[in-house]
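# Next input, structure requested:
(2 chains)
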Amino acid sequence: MIGSFVRSAAAKTIVLLMLSFAAAMPAFALDLVTARAQGLAGEVDNGLLGIPPGAASDAEGLVVTINNQRRAEYAKIAAQNNLSLDVVGTMMFEKIYVRLPAGTWVQVKGQWKKKGG
Amino acid sequence: MEEKRRISAPKLILAALLFLALLVPVSAWLSFPWYAQAIIDRALQGKPFHVRISGVGIPGPSGIGFRRLDVSFTTPADSCVSSPTTWRVSVSGGKLGWSISNPGGKTDPALFQADLRLEADSLRLNPDPAHYIFHDNRPKIDMKLDIRRQNGLSPEFLPSSIAYTMDSASVTREKLRLSGISYRISLTRKLNWQQLPDTLRIAQLYSDGNISPVGNFRALFGSKRDPLKPCTLLLSNCSVALFAMHADSDAIEYDLKDQSTRFTLRLAEIPLDSLPWFRSPERPLRATGKLSGSIPIEFRDSTVLVRNAILTGERETRVVYLDKMKKSRFSIDLGEERGSKDILSNLNATIVLNSRNNNQAGIGIEHLSTLLFGGTLDMAPLLFDPLKSEYSLSLEMKDVRLLDRLRYHDAPKGAFKGAISGTLPLTYGKKGFVPGNLRLSSTASFSGIPLRSIPGPGSATQKKPFADGTISGTFPVEYADASLRINNGTISATKGSALFFYDKENRKLLSVDLGTPKSTLLNKLNASATIKPADGKPPQFVLNTLSATALDGNMQVSPFTFTPGNFERGIPFSVKLDNVNALERLRLHGDFKASLKGTLSGTLPVTVNRNGFSITNARLRSTGGGTISVKPAAPERTATERIFGAPAQDADYTFSAPDLRFSRRMNGSTDIDFSLKELQRKTAGGELDLQVPQGSIALWSDRKRPDVVTLTNFSAGIFDGTAEIERVDYDMGKKTASTTLKLNNIPLQKLLDLQGTKKIYATGTVQGSIPVTMTDQIIEINDGAMNAETNGQIIYATSPEERAAANQGLRTTYEALSNFLYVELLSSISMAPDGKSIITIRLKGNNPDFQTGRPVELNLNVEQNLLDLMRSLTIPSNVEQIISEKALKSGK
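Here you go, the predicted model:
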C-alpha cells in the first residue's frame, strides 16, 4: 500500500520531470532526439542514456551531460520518496520507452536492440 | 647322491680287509729287508700277489724307508661279486718300523712277535673294474705278527692283529669325490678278523670340485653280515646333511650282488632357524617353525631314484623377509594351510651319479618333478659346463600358488593370492645360484595391504601416519626377457583410505581421500619395465610405459631409465593427468574445510634423486572449483558477546577454474604461478569478488627465512576495476607483511556502496595506492591515496525535510552536493591498528544548479572506525543468525 502510494507520487513527479527536460535542454550541436534518431544514443532500462554498439562517439558529451542531469533529478525524487536511484531510473525508463519512436536503440537487461514498430 | 658313499664305503672296507692280506707277504719282506725284492718274489711265487718296491733305503735296526711300494692282487668272483677284482695299492714315501720281541721266551724260542708300523706320505688304492681311487695322506697302519722260525729260509708269519685309522681319507671317482672320510679298521685273529661296528664319517661330497648339498654322512657298520643275507652290507644309524638339513635312516642295506639299495631318508622336525641361510647377519632372511619330510630312495646302477618324497611344514613355519630396520616385511608361510601340510609332495627324481656325459654334472639330475604349493614344478636335466665349472638347470612351474602363502606384515596383515607359472633357468657355480632368462606369468591379487606401510614421501620422517586404509587389487603380471609387464591391473582402496599431509607443527593440514567403495582407484593399469644388464655395473631399470585410468580420468607416466649408481643425477619422468576426478577427494583439516569438485588435468615433470624430488614447470588445471571455508577455533561466546563483540573470522572462499604452474627445486623452494577464473570471499559482513586473480607465490625460497611466503605480480579484477600487488613478503611465523595495494579503474559508486549508504550516487573511477602493513594479523594503513581518474558526478540526495532540518552550513553542502560535477577528487586514507581511520576528501568542481554553477571546492574529513563500521554492518546478519539458532534450539 505504502509502496504503491510512493510509486504513484514518484510517477507524477516523473511526468513533470519529463516536461522540464525539454525546456532545460542546453544548446548542444546535437540534441537528444536527433542523436537517438541517428542511432548515436539509446535509452537504457536504468533510465539513463547509453551509446549503442558500433555507434560513433559523437554523442558522448551529450550523453554524459544528460545522464548527469537525469541522475540529479532522479536522486531528488528518490530522496523525497525514500526510494533508490535505480528504482526511480527504472520507472523513468518505462515512461520514456512508450514515447520513443520505433527504431530507437534501447538496452534492456544488458541487451541492446531497436525498439520495434 | 649319498648313495655314492654307501657304495664306496663297503668297497673301502673290502679293500682294507684285502690290504690286510697283502701285508702278509709284505711282512715276509719286513723280516728280511736285505733280500727285498728277491724274497718278495719268492715268497709270492704262485700266489695272486704282485709287489714292486723301489728306492729301498738302508735298513736301520728298527725300520727301513722306501720310496715307493706297489702291490697288486686279485680277488676272485664269489657268490656276491660276479667278476674278479684287481686291486692296486701304491704307498709312497713309506717307512716301515718294527720291533721284535720273544714273548714266549724259553718255552717257545721259535716264536717271535713283531710290532710293525707303516707310515707313509700317501697311500692309494685303485680297484679294477670299480674305477675309484682311495687316497689317504699320511696313513698309519699298525700290525702285530707272530713269527715262527721254521726249517729253511722262510719263516712262518701269522698276523695277530691289524689296525688302520683313517682320518681324512678320500675316495674319487671321476667327477665325484668323497672327502674327510674317517673310520677305524681294527681286526684281530682272535675275533676271526671280523671288523666290529664303527662309525664311518664322510665330511663332504664334492662334484666337479664344487661342494654339493650332501655332507656330514655318518653310519655305523662292521664286517659281520646277516647269514640270511650274505651279500648285504648293513649300515645302521645312518644320518646325512641334505641342504644343511639333518636327514636320517635307521638302516641302509646294500646288496653287493645287485649293487642296489632301497631306503627312506627321514627329515624329522628340522628347525628352520638352524639352517645357515636364515642365520647370516647380512641376509635379510629369518625363519621360524620346523620342516619334516621323507625321501624314499632307490639306488641301482649309479642311478638314484627318488619316489614320492614329501616335505611338510608344521604350523607357524615361515620364512620372513626383514627390511633395513630389521623389521619383518614379508613372509612366506610354509605351514599347514587348508588342511594340507605339504610344501612339496609327490617329488620324483632321477639322479645319475658320475654321468659319462661331459655336459652333465657329476651328480646329474635327469628328471625332477614335484607338486609345490598346489602346483607343479618340473626340472629339465641338470647340465654341467666344465669350462665355466657351472651347473645349469631349468625349472618349469605351473600354477604354483606361492602368492597365497605370501603375507604382508603390518596391522592389518595384507594377503596375496595368485598362482605362478613359468620357467626359471638357473646356473649354480662359484657365485651361487644365478637366475637366467626367467619367464613367469601370474595373476597376482592382493587385499588389505595397509597404505601406510607402502614406502612413500614422508613415511620415514613423519611421526604420524602419512596414509590410512588398505588397498586391494589385481595385477596380471608377465615377466620375460628381463621385462615386467602388467596388463590391465586394478587397484581399489577401502572406505576411509586417505593420504595425509601435515604442517610444521604436525597438525593435519590436507588429506586426499582415496576410498573407492564403488569404483576402482586405478584400473586399466598397464606397465612395462625392463631391467637392462650393464657390464660390470648394476643393471639399469627402464620404465617403458605406465598408464592407468585413475579416478575416471587418465594417468600416464613418461618412460625413464634408472641407473642405481647414477642416482645422484636423478630420475626424470613426467606424470600426465587427464581429467582425473581428484578435487572432490581433497579434504582440509583444522580451521579449514574444503568442498571442491572437478577434474584435474596437467603434467608434472618430476626428478627424483637420493635427496628428494624436484618439479620443473608443472601445470595442473581444473575446470571445477569449490569452496574453502575458514573457521578459526574461537572460544564459546554468549549471545551478547556475539552480537556486540567482534565478528567471527569465518570466511568462505569460493573459487573456480584453478590453473597452477609450479616448480620445486631439490632444496624445497617452490614457485607457483596461479590463476583462477574467480575468487569470492564471503563473510558475515559481506562479499568480495575477485575476477581472474593471478600471481606468483614463492615458498621456501630463502633458506634463512623459511617462514616467508612471497607473492609477486598479483592482480585481480575487483569492482570492475583492478587490484594489483607488485610484491608482498608474508612472514607466516610472525604474521607480518608490508606492501602497497594498487587499485585502478574502481567505480566510485562501488566504494560508496561498501559504506552502506544509499543516498550518495557517483560516477567516475578512482585509482589508489594504499600502503598496508600487517603486524600479527592487525592491519594498518599509512597515508594511502585514492584519486579520481576522470571527471564525474557526485550526488548526495537529501529530502526537503532533511535540508530543512539541517543547519546553514550543512544545508549549503547538501545543496552543493545535490548534483556536484567534480573535476578533481583527491583523498587520503590512514587507518591505525585499532581501526580508527581518517579519510580526507578534497573535491573541486561545480553544481550547475547551485549558485549559478560557480566553482566550488569541498573538503571533507571522515573520521570513523573502519573496523567498527565493518562490525556495525555485520550486526543484522549476526542477529538473524542468533535468532534462527535459538529458534532451532527451542524447536527441539
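
# what sits against A:Ala37?
The contact partners of A:Ala37, by C-beta atoms under 8 Å, 6 or more residues apart in numbering or on different chains, come to A:101, A:104. Placement of C-beta: from N, CA and C, glycine included.

# And B:Gly436, by the same measure?
B:Gly436 neighbours (C-beta under 8 Å, 6+ apart): B:392, B:394, B:424-427.

# Between those, identify the one with the most neighbours.
B:Ser392 (20 neighbours; other C-beta atoms under 10 Å in any protein chain shown).

# What residues are bridge-paired with that residue?
B:Ser392 forms beta bridges with B:Leu383, B:Thr427, as assigned by DSSP bridges.

# I'd like the average pLDDT over the helix or strand where B:Leu187 lies.
Using DSSP states H and E, B:Leu187 sits in strand B:176-188. Averaging pLDDT along strand B:176-188 gives 88.

# between the helix or strand following that strand and strand B:176-188, what angle do the directions make?
Next in sequence after strand B:176-188, counting helices and strands by DSSP H and E, comes strand B:198-207. Interaxial angle of strand B:198-207 relative to strand B:176-188 (axes from the mean of the first three to the mean of the last three C-alpha atoms, to 10 degrees): 160 degrees.

# For the next helix-or-strand element following strand B:198-207, which strands pair with it and how are they oriented?
Downstream of strand B:198-207, the first helix or strand assigned by DSSP H and E is strand B:210-221. With DSSP bridges as the test, strand B:210-221 is paired with strand B:198-207 (antiparallel), strand B:232-242 (antiparallel).

# Make JSON lines from those and add mean neighbour count, mean pLDDT and distance to B:Leu551 to it.
Conversion of the strands paired with strand B:210-221 to JSON lines gives the following (neighbours: other C-beta atoms under 10 Å in any protein chain shown; pLDDT from 0 to 100; distance: least, C-beta to C-beta, whole Å):
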{"stretch": "strand B:198-207", "mean neighbour count": "20", "mean pLDDT": "88", "distance to B:Leu551": "58"}
{"stretch": "strand B:232-242", "mean neighbour count": "19", "mean pLDDT": "88", "distance to B:Leu551": "54"}
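
# Excluding its own residues, what touches stretch B:274-293? List them.
B:243-245, B:266-273, B:309-323, B:328, B:334-335, B:343-344.

# Mind jotting down where the strands sit in chain A?
A:42-44, A:49-50, A:105-108, A:111-114 (DSSP state E).

# now, of those, which is deepest in the fold?
Mean neighbours per residue, mean count of other C-beta atoms under 10 Å in any protein chain shown, is largest over those for strand A:42-44, with a mean of 23.

# Direction included, what does that one pair up with?
Strand pairing for strand A:42-44, using DSSP bridges, gives strand A:49-50 (antiparallel), strand A:105-108 (parallel).

# Report pLDDT for the residue in the stretch 651-800 of chain B that chain A sits nearest to.
Of all residues in the stretch 651-800 of chain B, B:Ala797 sits closest to chain A, with a separation of 3.6 Å (C-beta to the nearest C-beta). We have a pLDDT of 83 for B:Ala797.

# Pull out the buried residues from stretch B:254-274.
Across stretch B:254-274, burial judged by 16 or more other C-beta atoms under 10 Å in any protein chain shown covers B:254-256, B:260-261, B:263, B:265, B:267, B:270, B:272.

# Pick out whichever of these sits closest to chain A.
B:Leu272 (83.0 Å).

# which residues does that closest one contact?
The contact partners of B:Leu272, by C-beta under 8 Å, 6+ apart, come to B:278, B:287-291, B:317, B:319, B:334.

# B:Lys327 versus that one, what's the distance?
Separation of B:Leu272 from B:Lys327 (C-beta to C-beta, to the nearest Å) stands at 19 Å.

# Show the buried residues in the contacts of stretch B:274-293.
B:245, B:267, B:270, B:272, B:309-313, B:317-320, B:322, B:328, B:334-335, B:343-344.

# now, which of these lie within helices?
In helices, defined here by DSSP state H, there are no members of those.

# burial of the closest residue to B:Thr516 other than its chain neighbours, as a residue count?
In space, and not counting its chain neighbours, B:Thr516 is closest to B:Ser492: 4.7 Å by C-beta to C-beta, 6 or more residues apart in numbering or on different chains. Counted with other C-beta under 10 Å, the neighbours of B:Ser492 add up to 21.

# Determine the three-state secondary structure at B:Ser492.
Three-state assignment for B:Ser492 (DSSP: H, G, I helix; E, B strand; the rest coil): strand.
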